[in-house]
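Participant: got a sequence here, can you model it:
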Amino acid sequence: MNRHVNFLACLCLSTFGLSSAASANKVFVSNEKGNTITVIDSDTWEPITEFPGGNRPRGIGISPDGKYLYVCASDDDTIRVFDTETYQEVWTLPSGPDPELFTIHPSGELLYVANEDDNLVTVVDTQSRTIVAEIPVGVEPEGMAISPDARFVINTSETTNMAHFIDTSDYKIKHNILVDQRPRYAVYSDDGNKLFVSSEIGGTVSVIDPNGADGPVLTDKIGFEVSGVQPEWLQPVGMKITADNKWLFVALGPANRVAVIDAETLEVVDYILVGQRVWQMAFTPGQEFLITTNGNSNDVTVIDVAKQRAIKSVQVGQQPWGVAVMPDE
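Facilitator: Residues are numbered from 1 along each chain as shown. This is a model prediction of the structure:
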């Protein structure tokens, strides 16, 4: 096992030290190979329980009111919906084939789901539990994001190497931006002035101005370099940006690092060593902590956002993929 992973696993942080900054929240982790969901208490950073999540659970998210957990059960071709208190499955939502990632409308009424196998984005009404629209996009859609004003949904297509801008009023693609090879994730800055798209094989994060006079425009690209790590291991996937639009965190896959980027200057200021094959990430509600899923070490890493360092490793199920945190009440 990686020496640093051993070190993280042995870190013992007191409950007082972790809980002083924020009250406890449940953290839900989808275990892709274990077909389970692990629940962690963010006060003690100990697992609470584990329950069945369907076959190959990947993308995961929580309704804005905190009542429901949505899980892309990719091999079941459905989205499973669980009660966040009882962990019981309450119903399923039609998702289209092989759902991988989704984004939620701020109202909580619509899910926008990437269907990898059928090159579609499916729009699902969470109230009527019906499909509202199916939108043809590029080949192997994965990444999903929604603009802060909810006017556009962004889909990234892994093989077409594009970010598609879908108008939420008529479900038409209005703009396409070419990015580097195999885009996996997209995230907006909270002010809506930047869109970041990670390209796993290209090894870059594309920076897009969504508000150009003639439509969205690619303005910059961020590359990565870590001493002792082969360039082909630097594979950007999941991303999160702080609410003050200051820091962008990028999971670098098999490099076992999270890059810390100044979101204004676009400079990489640090690399945080985490578990093996870091994939997706989520903030706790106050953004005191960032949780990463590490697929090959079967754990999550807790990062102190202010200090920009890893402080805790928590063992979960087999091959953790997605992570979501309960919103504040």
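Participant: residue closest to the middle of this protein?
Facilitator: Most central in the chain under CA atoms, centre = their mean is residue 280, positioned 4.6 Å from the mean C-alpha point.
Participant: doesn't it belong to a strand?
Facilitator: Yes. Assessed with DSSP: H, G, I helix; E, B strand; the rest coil, residue 280 lies in a strand.
Participant: and it, what is it in contact with?
Facilitator: Residues in contact with residue 280, defined by CB atoms under 8 Å, 6 or more residues apart in numbering, are 237-238, 251, 292-293, 321-323. The way it works is simple: take the backbone N, C-alpha and C, and place the C-beta from them, glycine included.
Participant: buried sites along stretch 268-285?
Facilitator: Using 16 or more other CB atoms under 10 Å as the test for burial, stretch 268-285 gives 268, 271-284.
Participant: among those residues, which two are most distant?
Facilitator: Farthest-apart pair in the buried residues of stretch 268-285 is 268 and 284; separation 23.7 Å (CB to CB).
Participant: what's the closest non-adjacent residue to residue 246?
Facilitator: residue 263 (5.9 Å; CB to CB, 6 or more residues apart in numbering).
Participant: hmm, residue 236 and residue 255 touching each other?
Facilitator: No. Between residue 255 and residue 236 there is no contact under CB atoms under 8 Å: 9.3 Å.
Participant: and for those two, which residues touch both?
Facilitator: In the contact map built from CB under 8 Å, 6+ apart, the residues linked to both residue 255 and residue 236 are residue 224.
Participant: so the two - more neighbours on which side?
Facilitator: residue 236 (30 against 25; other CB atoms under 10 Å).
Participant: one step back: leaving out chain neighbours, which residue sits closest to the residue nearest to the centre of the chain?
Facilitator: Among residues not flanking residue 280 along the chain, residue 238 sits closest, at 4.0 Å (CB to CB, 6+ apart).
Participant: list the contacts of the one you found.
Facilitator: Contacts of residue 238 were listed using CB under 8 Å, 6+ apart, and they are 184-185, 198, 250-251, 278-281, 292-293.
Participant: roughly how far apart are it and residue 251?
Facilitator: In this view, residue 238 and residue 251 are 4 Å apart by CB to CB, to the nearest Å.
Participant: please identify every residue contacting each of the two.
Facilitator: With CB under 8 Å, 6+ apart as the test, residue 238 and residue 251 both reach 278-281, 292.
Participant: doesn't residue 232 belong to a strand?
Facilitator: No. Residue 232 is assigned helix when assessed by three-state DSSP, not a strand.
Participant: skip the chain neighbours and tell me the closest residue to it.
Facilitator: Per CB to CB, 6+ apart, closest to residue 232 is residue 203, 7.7 Å.
Participant: check what pLDDT the one you found gets.
Facilitator: pLDDT recorded at residue 203 is 98.
Participant: return the residues in contact with it.
Facilitator: Going by CB under 8 Å, 6+ apart, residue 203 touches 180, 223-224, 231-232, 234-236.
Participant: of the residues you listed, buried ones?
Facilitator: Neighbour-count burial (16+ other CB under 10 Å) applied to those gives 180, 224, 234-236.
Participant: would you list the residues you listed in TSV and tack on secondary structure and pLDDT?
Facilitator: Below are the buried ones among the contacts of residue 203 laid out as TSV (DSSP: H, G, I helix; E, B strand; the rest coil; pLDDT from 0 to 100):
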residue	secondary structure	pLDDT
180	coil	98
224	coil	98
234	coil	98
235	coil	98
236	coil	98
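Participant: quick one: the strands in the stretch 151-300 of the chain, in order.
Facilitator: With strands called from DSSP state E, counting those that start in this stretch, the stretch 151-300 of the chain shows them at 152-157, 162-167, 173-178, 183-188, 195-199, 204-209, 217-222, 239-241, 247-251, 257-262, 268-273, 278-283, 289-294, 299-304.
Participant: and residue 88, how many neighbours does it have?
Facilitator: When neighbours are defined as other CB under 10 Å, residue 88 has 8 of them.
Participant: again with residue 163
Facilitator: Residue 163 has 27 nearby residues by other CB under 10 Å.
Participant: for it, give me the pLDDT.
Facilitator: You'll see residue 163 listed with a pLDDT of 98.
Participant: check contacts around the closest residue to it other than its chain neighbours.
Facilitator: Spatial nearest neighbour of residue 163, chain neighbours left out: residue 177 (4.6 Å); criterion: CB to CB, 6+ apart. Counting by CB under 8 Å, 6+ apart, residue 177 makes contact with 162-163, 165, 197, 206, 208, 216-218.
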